[in-house]
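Student: pasted the sequence and its predicted model underneath.
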Amino acid sequence: MIQIKQLVKKYSSPQGQVMALDDVSLNILPGTIYGIIGLSGAGKSTLVRCLNLLEKPSSGQIIVAGQELTALSSKELRKARQNIGMIFQHFYLLQSRTVSENIAFPLEIAGVPKTEISMRVKELLNLVGLEEKATAYPGQLSGGQKQRVGIARALATKPQVLLCDEATSALDPQTTLSILNLLRDINQKLGLTIVMITHEMKVVKEICTHVAVIHAAHIVENGPVESVFIKPQSDIARQFVSTVFPNDLPADLLKELATHRDSEIVRIQFLGTRASDPIITDLLRTCEVRANILYGSIDHLRSTLFGTLTLELQGSPEQLKEAQHYLTSRDLKVEVIKREL
Ligand SMILES: Nc1ncnc2c1ncn2[C@@H]1O[C@H](COP(=O)(O)OP(=O)(O)OP(=O)(O)O)[C@@H](O)[C@H]1O
């Protein structure tokens with residue numbers, strides 16, 4: 001649905017040139033919810049603004065629904081943008097217009113007849129659950145309600161793509177969840193492709209099917225969320241994963257464990273149905289090791305269970321090797337944690 005090819009964006013500033021995006025390429029398939037995560041200044045906003053050409057790339061191509069945006073005239077681009085909705089952290093609603101009038105705005109600009117607008121606005125109010133606020137003004141709404149208006153307005157022209165720039169960053173955790181659930185419902189109902197720019201891994205964990213990690217103007221890794229969570233390749237991705245699945249043991253405990261002989265610490269990660277397997281019982285029955293549970297958690301990645309378990313295994317070197325082999329053969333991700341005094 002969206003292809004980004006060798007995208008480069010440079011800004012000029014009084015301090016010299018800033019490379020905001022350096023040779024970024026991504027392929028976003030139709031119907032996916034694609035998270036783009038990075039620290040402040042990584043280039044996320046620049047990237048999302050290049051996707052609808054709000055920001056003009058220095059070089060490279062942006063292709064949306066088969067149309068190369070970077071090759072269009074201004075008039076063609078205005079038309080193509082009707083296929084790309086966008087929502088923002090600070091909503092940007094028109095304060096002097098009611099909720100219905102805000103939602104109708106892009107349809108008026110597109111020259112849609114009044115009766116059609118009125119029907120479409122009703123549909124959209126229903127989609128985002130705001131029928132009762134049709135005549136309210138933005139100043140009378142909560143943050144979550146304002147973002148619902150933003151979503152309805154972005155979907156007014158029936159786009160195939162929705163870009164979300166930190167869409168939940170101004171909201172409390174409960175409201176964030178309700179907006180993420182709404183976006184997931186819309187993705188499933190309408191088959192809409194969603195690109196979520198965020199600095200929070202919990203947003204990615206809740207709804208994204210894919211994620212790209214952007215760091216210092218480069219995409220450092222990307223893929224299905226399960227792969228990136230289970231096997232992050234870069235330090236920055238590991239840091240993001242640890243913000244939602246913390247698994248560092250306290251330094252004091254690690255120091256104490258380092259004095260133990262004939263033992264090792266293993267971290268096991270499991271996904272989906274594996275999460276409900278009796279791993280420890282099976283391990284202890286099969287291998288003659290003893291296990292001390294140090295840390296465990298179970299959560300979900302979208303609707304898939306994701307668990308992590310840190311154990312101290314005790315036994316002879318042969319027994320420890322056999323235990324590790326056994327766990328790996330069960331299709332679990334197993335990592336031995338180094339201990340240093
Ligand atoms: N108009 C501009 N002129 C000059 N430099 C800019 C401009 N916009 C962004 N930059 C620079 O480009 C880089 C990427 O900025 P960008 O806003 O895309 O990052 P970000 O990941 O969205 O950060 P944040 O999460 O803080 O918004 C930064 O170094 C920023 O200072």
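Tutor: Everything's here; your move.
Student: list the buried ones in the helix or strand of the chain with the lowest mean pLDDT?
Tutor: Of all helical and strand segments in the chain, the minimum by mean pLDDT, DSSP states H and E falls on helix 251-257, at a mean of 80. Neighbour counts using 16 or more other Cβ atoms under 10 Å place L254, L257 of helix 251-257 among the buried residues. (C-beta placed from N, C-alpha, C; glycine too.)
Student: just checking, what packs against the host helix or strand of T243?
Tutor: Assigned by DSSP states H and E, T243 belongs to helix 235-244. Secondary-structure packing of helix 235-244 (3 or more Cβ pairs under 8 Å, 6 or more residues apart in numbering; DSSP states H and E): helix 201-207, strand 210-215, strand 218-224, helix 225-230.
Student: which secondary structure elements does the second one contact?
Tutor: Spelled out, it's strand 210-215. On a contact count with 3+ Cβ pairs under 8 Å, 6+ apart, strand 210-215 meets strand 16-28, strand 33-37, strand 218-224, helix 225-230, helix 235-244.
Student: figure out which of the helices and strands packed on helix 235-244 is closest to A71.
Tutor: strand 218-224 (22.9 Å; Cβ to Cβ).
Student: quick one: the closest one to strand 210-215, angle?
Tutor: Put simply, strand 218-224 runs at 160 degrees to strand 210-215, going by axes from the mean of the first three to the mean of the last three Cα atoms, to 10 degrees.
Student: how is this structure divided into domains?
Tutor: 2-241, 251-337 (automatic domain parsing).
Student: that older thread, next helix or strand past the least confident helix or strand of the chain?
Tutor: Downstream of helix 251-257, the first helix or strand assigned by DSSP H and E is strand 263-271.
Student: how about that following strand as PDB, C-alpha atoms only?
Tutor: These are the backbone C-alpha positions of strand 263-271, laid out as PDB (Å, rounded to 0.1, in the frame of the first residue of the first chain):
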ATOM      1  CA  SER A 263      24.400 -22.800  38.200                       C
ATOM      2  CA  GLU A 264      23.500 -20.500  35.300                       C
ATOM      3  CA  ILE A 265      20.800 -17.900  34.700                       C
ATOM      4  CA  VAL A 266      18.500 -18.400  31.700                       C
ATOM      5  CA  ARG A 267      15.900 -16.100  30.300                       C
ATOM      6  CA  ILE A 268      13.100 -17.900  28.400                       C
ATOM      7  CA  GLN A 269      10.600 -16.100  26.100                       C
ATOM      8  CA  PHE A 270       7.500 -17.700  24.700                       C
ATOM      9  CA  LEU A 271       4.700 -16.700  22.400                       C
END
